[in-house]
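Student: Next input, structure requested:
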Amino acid sequence: MDELISKAKVLIEALPYIRRFYGTTMVIKYGGSAMIDDELKESVIQDIVLLKFVGMNPVLVHGGGPMISEMMGKLGKRSRFVDGLRVTDGETMEIVEMVLAGLINKQIVSLINQHGAKAVGICGKDASFILAKKHMPKPDLDIGFVGEVVRINPRIIDTLISGGFIPVIAPIGVDEGGQTYNINADTVAGEIAAALKAEKLILLTDVRGILADREDENSLIPTIHKDEVERLKAEGVITGGMMPKVGACLTALKGGVSKTHIIDGRIPHSILLEIFTESGIGTEIVG
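Tutor: From the prediction side, this is the model:
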């Protein structure tokens with residue numbers, strides 16, 4: 001009986017958050033170990049389905065870099081990166097689209113459907129909802145079909161949400177001429193959160209959050225104001241793979257998102273722990 005009462009208390013503790021966020025949109029970027037480890041994958045999908053069933057509107061944006069590299073290896077093609085961005089020629093773009101929009105996207109959709117919710121998988125080519133252009137890291141540096149977001153047309157996402165579906169989005173964009181581009185998933189998540197005026201943007205990663213000392217996982221910074229970001233970059237606290245995540249958070253905040261979160265996807269049910277507890281588990285960047 002005590003165990004049952006404890007379970008009831010957990011539900012009651014979550015009630016204020018369920019009431020507060022009922023009917024709101026949560027954009028979640030899904031990547032890292034949580035996409036590879038089967039138990040973590042199950043945990044993430046359960047969290048997303050639960051959010052839907054308690055009245056929230058989860059929108060899932062997924063990555064898939066390791067799977068793309070694996071497929072390229074199987075096809076005898078070597079992955080090359082410049083400043084963390086995959087050099088994407090025409091053949092590589094075909095592989096990227098096949099893996100992201102064809103393989104990973106439909107696997108996630110299937111898992112959500114198996115858990116009783118209704119998911120629909122799309123990419124930026126559907127209804128041209130992610131309008132992109134070629135990204136040039138430097139004026140004289142061409143890394144192929146790597147894109148940056150020009151504009152998000154959220155109509156197709158709004159339509160899916162109003163129909164009771166969970167949108168599952170592959171980060172592929174298209175320009176006005178129909179050319180396809182590979183876009184960083186964190187960047188896409190931030191732009192979509194801004195376009196939807198989401199309540200939260202949640203980015204899953206493989207570290208606890210933003211650490212004051214990258215060698216010390218106990219140096220987690222729980223809350224950062226957006227005005228502190230440039231100082232933390234200058235101090236070397238925000239570097240490398242954390243840069244696009246923080247950039248996505250700033251884009252979302254500028255677009256009217258209430259709060260953004262960078263959390264450890266290696267922790268089971270990390271999404272629920274971040275949303276339904278007072279302290280949360282990662283770093284929140286606020287405006």
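Student: Which pLDDT value belongs to residue 199?
Tutor: Looking at residue 199, its pLDDT reads 96.
Student: Quick check: the nearest residue to it once chain neighbours are set aside vs residue 257, distance?
Tutor: Closest residue in space to residue 199, ignoring its immediate chain neighbours: residue 24 at 3.7 Å, by C-beta to C-beta, 6 or more residues apart in numbering. C-beta: built from backbone N, CA, C; applies to glycine. The gap separating residue 24 from residue 257 is 11 Å, by C-beta to C-beta, to the nearest Å.
Student: any idea of the mean pLDDT for stretch 70-79?
Tutor: 91.
Student: where's that stretch relative to the chain centroid, distance-wise?
Tutor: The chain centroid and the centroid of stretch 70-79 are separated by 25 Å, computed with C-alpha atoms, centre = their mean, to the nearest Å.
Student: before we move on, what about stretch 69-89?
Tutor: 21 Å.
Student: next one: stretch 152-172
Tutor: The answer for stretch 152-172 is 14 Å, by C-alpha atoms, centre = their mean.
Student: I figured the residue nearest to residue 199 was touching residue 57, is that so?
Tutor: Yes. Between residue 24 and residue 57 there is a contact at 6.8 Å, judged by C-beta atoms under 8 Å.
Student: Just want to know which of these two has more residues nearby.
Tutor: residue 57 (25 against 15; other C-beta atoms under 10 Å).
Student: Just give the closest residue to that one, not the sequence neighbours.
Tutor: That would be residue 25: by C-beta to C-beta, 6+ apart, it lies 4.4 Å from residue 57.
Student: show me the contacts for that neighbour.
Tutor: By C-beta atoms under 8 Å, 6 or more residues apart in numbering, the contact set of residue 25 is 56, 57, 58, 59, 161, 196, 197, 198, 199.
Student: let's see 6 Å
Tutor: 57, 196, 198 (C-beta atoms under 6 Å, 6 or more residues apart in numbering).
Student: what do you get for residue 281?
Tutor: Counting by C-beta under 6 Å, 6+ apart, residue 281 makes contact with 263, 270, 273, 274.
Student: Please apply the same query to residue 224.
Tutor: So, once contact is read as C-beta under 6 Å, 6+ apart, residue 224 ends up touching residue 285.
Student: Now for this protein, the helix or strand with the poorest mean pLDDT.
Tutor: helix 2-21 (a mean of 78; mean pLDDT, DSSP states H and E).
Student: and that one, which residues are buried?
Tutor: Of all the residues in helix 2-21, those buried under the rule 16 or more other C-beta atoms under 10 Å are 14, 17, 18, 21.
Student: Isn't the first one up against residue 276?
Tutor: Think residue 14. Yes. Between residue 14 and residue 276 a contact is recorded at 4.4 Å, counting by C-beta atoms under 6 Å.
Student: measure the closest residue in space to residue 89 that isn't next to it in sequence to residue 86 for me?
Tutor: Once flanking residues are discounted, residue 89 sits nearest to residue 144: 4.9 Å by C-beta to C-beta, 6+ apart. According to C-beta to C-beta, residue 144 and residue 86 sit 8 Å apart.
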